[in-house]
Each structure stands twice: as C-alpha cells, then as structure tokens.
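Asker: Can you look at this prediction? I've put the sequence above it.
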Amino acid sequence: MKFYNTFSRKKEDFKPIKKGEVGIYSCGPTVYWYQHIGNLRTYIFSDILKRVLEFEGHKVKHVMNVTDVGHLTSDADSGEDKIEKAAAKEGRAAGEIANFYLKVFKEDLEKLNILPPSIWCKATEHIKEQIELIKALEKKSYSYKTSDGIYFDTAKFRDYGKLAMLNKEGLEAGKRVDLKEKKNITDFALWKFSETPGKRQQEWPSPWGIGFPGWHIECSAMSMKYLGEHFDIHTGGIDHISVHHSNEIAQSEAATGKKFVNYWMHGAFLEYKGEKISKSTGGLFTVSELEEKGFLPLAYRYLVLTGHYRSPLEFSLESLESAQNSYKRLKNIASELKDDGKTNNNYLKKFKSAIENDLDIPNALAALWGLLRDEKADGKYRTVAEIDKVLGLGLLKKDEICVPDEIKKLAWQREKARGEKNWGLADEIRKKIAEKGYLVDDSPAGTKIKKI
Ligand code: AMP
Ligand code: ZN
C-alpha cells in the first residue's frame with residue numbers, strides 16, 4: 001500500500017512502526033463556530049484513510065484534538081483568542097461555547113458516517129502536558145522570552161520548515177517585516193501571557209506567568225502523550241503545512257531528539273469558484289444547511305469521494321445535486337441485491353488496488369459502479385458490503401431513499417386518506433404497500449417507509 005508523504009513529496013510504501021497497530025493523529029476542529037463543509041472534507045479524508053488501514057487488516061489508534069484555547073485570529077500569534085472572542089460575543093462561558101460546537105461537530109460526523117476517533121483530547125484538559133513540553137524546550141535553550149510570551153527560536157532548529165520546503169533566503173528577506181520582539185520571522189509562541197490577568201476566562205499559572213498555551217504546542221503535547229514520541233501518520237488540511245505542522249515538527253523533535261512522524265498526509269481544499277471556500281467567497285454551508293435545502297449528508301460524502309483527496313474539489317449546489325442523484329441510484333441498485341453467498345474477487349481486486357494506490361477513491365468508486373453494471377457478475381451483495389466498509393456510504397442500509405417511486409406514491413395517497421380521516425382506505429393502502437414488500441411505520445417523528 002502506498003501513501004503520498006508530504007514530507008518527501010513522494011508516494012511511499014506504508015510500513016507501520018509497530019506490527020499490529022497504526023497510530024494516527026488528526027488536527028481537529030477549533031470549536032468557536034460551526035465546522036463548514038470544507039472542514040468536513042478534511043475529516044472525510046482522514047476517515048477514509050482510517051477505514052482503508054482497517055480494511056487492510058491494521059488496528060488503528062486514532063487521536064483527534066479539540067482546540068478550545070489558544071488559536072488566535074491571526075496565525076502570527078496576534079489578535080484575539082477565537083474562543084474568548086466567541087464567548088464574549090455570545091455572552092456565554094468559554095467552556096460552554098466549546099462544548100456546544102463540539103457537540104454539533106460530533107453530530108455532523110455521525111451524519112456523514114465519519115467514525116469517531118479512538119481518543120478525543122481537549123487542549124484545556126492538557127495544560128500540564130503542554131507546560132512540561134515547554135519546560136523541556138527551555139532546558140535545551142530552544143525558547144526565549146518577550147514581553148508577551150515564551151517563543152520558540154526557529155533558527156536553533158536546523159531543519160526548520162523542511163516539511164513546507166520553506167526557503168531560507170525568502171524568509172531572510174521577509175525579516176524586513178516588523179518582527180516586534182521576535183528574533184526570526186518564523187518564531188512562534190509556546191506560551192502567551194494574559195495581558196491583564198483575571199480578565200480572560202481561560203488562563204492558567206505557569207513557571208513564566210499567568211497565561212495560556214500557544215496553538216501549536218497542544219498538538220505536539222497531546223499526540224506524543226497518546227501515540228508516543230514517534231508515531232505513524234499525521235493528517236490535516238493543506239493550510240497546516242507551512243505553519244502549524246512545521247511548528248509541531250520543530251517543537252517535538254527539538255524536545256525529544258527523535259523523528260516525530262513517519263507519514264504526513266494532507267487533504268486539499270474544497271473550493272468555491274476556484275477559491276478556498278470562506279465567508280467572503282461563498283459556498284460556506286454547514287451540513288444542517290445542506291439538509292434544509294433537501295440534501296442528504298451522505299450525498300455530500302459521495303460528492304467528496306468523487307474527487308481524489310489531494311486535488312482541490314470544486315463545490316456547487318449543482319454538483320451536489322448531481323452527486324445526490326448518483327448516490328440515490330447507487331442505493332436503489334444496492335437495495336435490490338440478493339446475497340448469493342459469493343464474493344466477486346475480480347472487482348474486489350480492482351477496488352483494493354485503487355485504495356492501495358494512495359487512497360484512489362474515484363477509481364474505487366469506478367470499480368463499484370463496474371460491478372453493479374456488469375450483468376454477468378455474481379457475488380454483488382457481499383462485495384458491496386466489503387467495499388462499503390471503506391466508502392461508508394451505508395449502501396446496504398435499508399432506508400427511505402431506496403424506496404421506489406411507486407411505493408412513495410402509494411404512501412402519499414395513504415397520508416392523504418389519513419388526513420381526510422378515511423381510515424379504511426388508509427389501511428387498504430398500507431396492505432397494498434406491504435404486499436409489495438414495504439412497511440409503513442407511523443412514529444411520532446413522522447411516517448417512515450422501510451423494506452420488510
Ligand atoms: P479549523 O477548525 O479552522 O482548525 O479547521 C479544521 C480543519 O479543516 C483543518 O484541518 C483545516 O485544514 C481544514 N480546512 C479548512 N478549510 C478547508 C477547506 N476549504 N477545505 C478543506 N479543508 C479545510
Ligand atoms: Zn494540530
């Protein structure tokens with residue numbers, strides 16, 4: 001199995017450090033607002049990675065952090081703390097803000113069939129570990145103090161910026177920018193002092209003064225706590241390469257003297273009109289907003305799977321509409337499959353060779369469609385069940401979207417009869433629906449149709 005490693009800019013054979021368990025760390029959400037569908041593309045990518053590893057027989061220990069302190073409005077260690085800002089704006093406690101948006105995020109993951117990590121870890125619950133790590137860096141003289149915090153001296157770390165292939169000369173030229181008290185343009189905060197202690201909602205004592213951790217240190221401290229000082233895979237969106245992940249490598253390797261991560265994998269952006277989706281360019285929907293427009297969350301997952309994770313994916317409501325149509329067609333075909341006790345190894349092989357080639361899901365989907373369109377192929381049911389372990393599209397789950405139009409029409413007529421209190425006719429139609437193999441279930445949440 002090959003994965004593209006951002007560190008080497010090459011596809012490399014995947015070899016786990018320990019036989020039996022693969023450690024993955026994924027940079028998680030900053031919980032000051034809803035995660036948009038662009039953010040969620042990155043989590044669908046890490047979900048596919050995890051499912052592929054499990055499909056190939058590995059046990060996976062997956063850790064995801066929750067940034068609930070320290071992420072400032074500017075990545076350059078200035079501006080306001082995003083969580084504190086949201087708390088002040090909404091008039092709520094910082095912890096309440098973080099818990100609320102984390103809850104919505106977890107609900108979105110569930111809607112998108114994204115498997116939860118083995119371990120969730122919050123920055124605010126690992127202050128001690130972050131302070132310990134900063135102390136270790138201080139002891140090795142990698143840090144220095146300014147009037148607003150403790151900084152990492154990137155000039156002392158020989159390989160700084162290797163992941164991002166940062167060009168030292170370009171950075172030297174960049175020195176003309178106002179560094180304030182920083183020694184180098186790339187230096188970053190490990191610990192920030194509270195401007196006026198007692199004013200922030202979230203602050204802690206430390207050997208350097210009352211304050212809060214910088215954004216990057218949490219990921220080094222928590223990944224190493226749960227996965228060890230050297231682990232297999234680290235994921236995130238491509239925007240993390242040049243700053244956040246470059247800083248994680250510097251802090252971790254400077255403190256331990258060991259290689260931090262073997263494979264760095266990054267997901268490309270979801271774009272809108274050729275640009276990263278954002279408030280200013282548009283296309284910034286949440287999963288719930290897509291649902292309000294009549295889209296199924298799994299249709300969005302399907303849309304994401306039609307693109308390779310390393311290529312930008314252009315989003316539009318039209319492309320989502322067409323993904324939804326394909327997804328519904330796929331579910332309809334799958335719902336008619338009968339288990340003949342066989343597996344189709346020919347198509348399964350095609351599927352496996354696609355996923356083993358740096359998670360080539362568009363080709364894996366093509367293998368699935370090939371199987372379903374092949375009238376002579378056998379073993380379809382079990383092969384689809386196998387394939388769906390990776391795709392996570394709920395293909396064999398019986399639900400309303402695979403109900404044929406004829407049944408939907410009957411159900412609608414029954415609803416109409418019930419509305420007119422014509423219980424006899426409503427019952428008759430229910431029986432007719434049952435004869436065709438469907439069950440009408442009237443629950444308090446509404447009427448649902450299921451396959452018997
Ligand atoms: P944040 O909550 O801002 O820390 O972002 C969470 C994740 O979403 C990070 O891994 C980002 O790299 C990723 N991300 C942000 N914008 C996009 C986008 N438009 N498309 C894909 N991933 C994104
Ligand atoms: Zn991170």
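Answerer: Everything's here; your move. Ligands and ions are numbered 1, 2, ... in the order given.
Asker: how deep is the residue in the stretch 101-250 of the chain positioned nearest to ligand 1 tucked in, by neighbour count?
Answerer: Closest approach between the stretch 101-250 of the chain and ligand 1, counting by Cβ to the nearest ligand atom: Gly237, at 2.0 Å. C-beta here means a position set from N, CA and C on the backbone, and glycine is covered the same way. When neighbours are defined as other Cβ atoms under 10 Å, Gly237 has 20 of them.
Asker: Please determine how far it is located from Gly267.
Answerer: 5 Å (Cβ to Cβ, to the nearest Å).
Asker: on that earlier part again, what's near enough to touch the residue of the stretch 101-250 of the chain closest to ligand 1?
Answerer: Contact analysis of Gly237 by Cβ atoms under 8 Å, 6 or more residues apart in numbering lists 27, 39, 42, 266-269.
Asker: Counting neighbours, which of those residues end up buried?
Answerer: Taking 16 or more other Cβ atoms under 10 Å as the criterion, what is buried in the contacts of Gly237 is 27, 39, 42, 266-269.
Asker: Could I get these in CSV, plus columns for pLDDT?
Answerer: Listed next are these as CSV, based on pLDDT from 0 to 100:
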residue, pLDDT
Cys27, 97
Asn39, 95
Thr42, 98
His266, 98
Gly267, 98
Ala268, 97
Phe269, 95
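Asker: ok, and of these, which contact ligand 2?
Answerer: Cys27 (Cβ under 5 Å from the ion).
Asker: So which of the buried ones among the contacts of Gly237 are in helices?
Answerer: 39, 42 (DSSP state H).
Asker: Could you look up the SS state of the closest residue to ligand 2 within the stretch 301-450 of the chain?
Answerer: Here the stretch 301-450 of the chain gets closest to ligand 2 at one residue, Tyr309, 17.8 Å apart by Cβ to the ion. Classification of Tyr309 using DSSP: H, G, I helix; E, B strand; the rest coil returns coil.
Asker: Was I right to think it contacts Tyr43?
Answerer: No. When contacts are counted by Cβ atoms under 8 Å, Tyr309 is not listed as touching Tyr43 (11.3 Å).
Asker: gap between stretch 369-378 and the chain center?
Answerer: From the chain centre to the centre of stretch 369-378 is a distance of 32 Å (Cα atoms, centre = their mean, to the nearest Å).
Asker: repeat for stretch 420-440
Answerer: 43 Å.
Asker: Same question for stretch 42-61.
Answerer: 12 Å.
Asker: and what of stretch 404-412?
Answerer: Taking mean C-alpha positions (Cα atoms, centre = their mean), stretch 404-412 and its chain are 37 Å apart.
Asker: Around ligand 1, pick out the residues from this structure.
Answerer: The chain comes close to ligand 1 at residues 27, 29-30, 38-39, 41-42, 236-237, 239-240, 267, 269-270, 276-277, as judged by Cβ under 6 Å from any ligand atom.
Asker: Give me the subset of those residues that lies in strands.
Answerer: If you go by DSSP state E, those have 236-237, 267, 270, 276 in strands.
Asker: Please report how far Pro29 lies from His36.
Answerer: Taking Cβ to Cβ, one finds Pro29 at 10 Å from His36.
Asker: In terms of neighbours, single out the busier of these two.
Answerer: A count of neighbours by other Cβ under 10 Å puts Pro29 above the other of Pro29 and His36, at 26 against 19.
Asker: Closest to Ile429 out of the buried ones among the contacts of Gly237?
Answerer: Of all the buried ones among the contacts of Gly237, Ile429 sits closest to Asn39, with 44.3 Å by Cβ to Cβ.
Asker: What's the per-residue pLDDT of the nearest residue to Ser319 once chain neighbours are set aside here?
Answerer: Counting by Cβ to Cβ, 6 or more residues apart in numbering, Leu303 is the residue found nearest to Ser319 once chain neighbours are left out, at 6.4 Å. Per-residue confidence at Leu303 stands at 98 (pLDDT).
Asker: Confirm Leu303 sits in a strand?
Answerer: No. Per three-state DSSP, Leu303 lies outside any strand segment and is helix.
Asker: can you count the residues close to Ile17?
Answerer: 13.
Asker: Do a quick rundown of the helices in the stretch 1-150 of the chain.
Answerer: Ranges of helices in the stretch 1-150 of the chain, per DSSP state H, counting those that start in this stretch, are 37-55, 82-90, 94-111, 127-139.
Asker: what's the angle from the first one to helix 94-111?
Answerer: It refers to helix 37-55. Angle, helix 37-55 to helix 94-111, by axes from the mean of the first three to the mean of the last three Cα atoms, to 10 degrees: 60 degrees.
Asker: Which residues in helix 37-55 does the neighbour count mark as buried?
Answerer: Per 16+ other Cβ under 10 Å, helix 37-55 contains these buried residues: 37-55.
Asker: Ok, stretch 226-241 next?
Answerer: So stretch 226-241, judged by 16+ other Cβ under 10 Å, has buried residues 226-227, 229-238, 240-241.
Asker: Of the residues you listed, which pair is most distant in space?
Answerer: Counting by Cβ to Cβ, the most remote pair of the buried residues of stretch 226-241 is Glu229 and Ile238, 25.4 Å apart.
Asker: need the next SSE after the helix or strand of the chain with the lowest mean pLDDT, C-terminal direction.
Answerer: Lowest by mean pLDDT, DSSP states H and E among the helices and strands of the chain is helix 168-173, with a mean of 60. Counting by DSSP states H and E, the next helix or strand C-terminal to helix 168-173 is strand 188-193.
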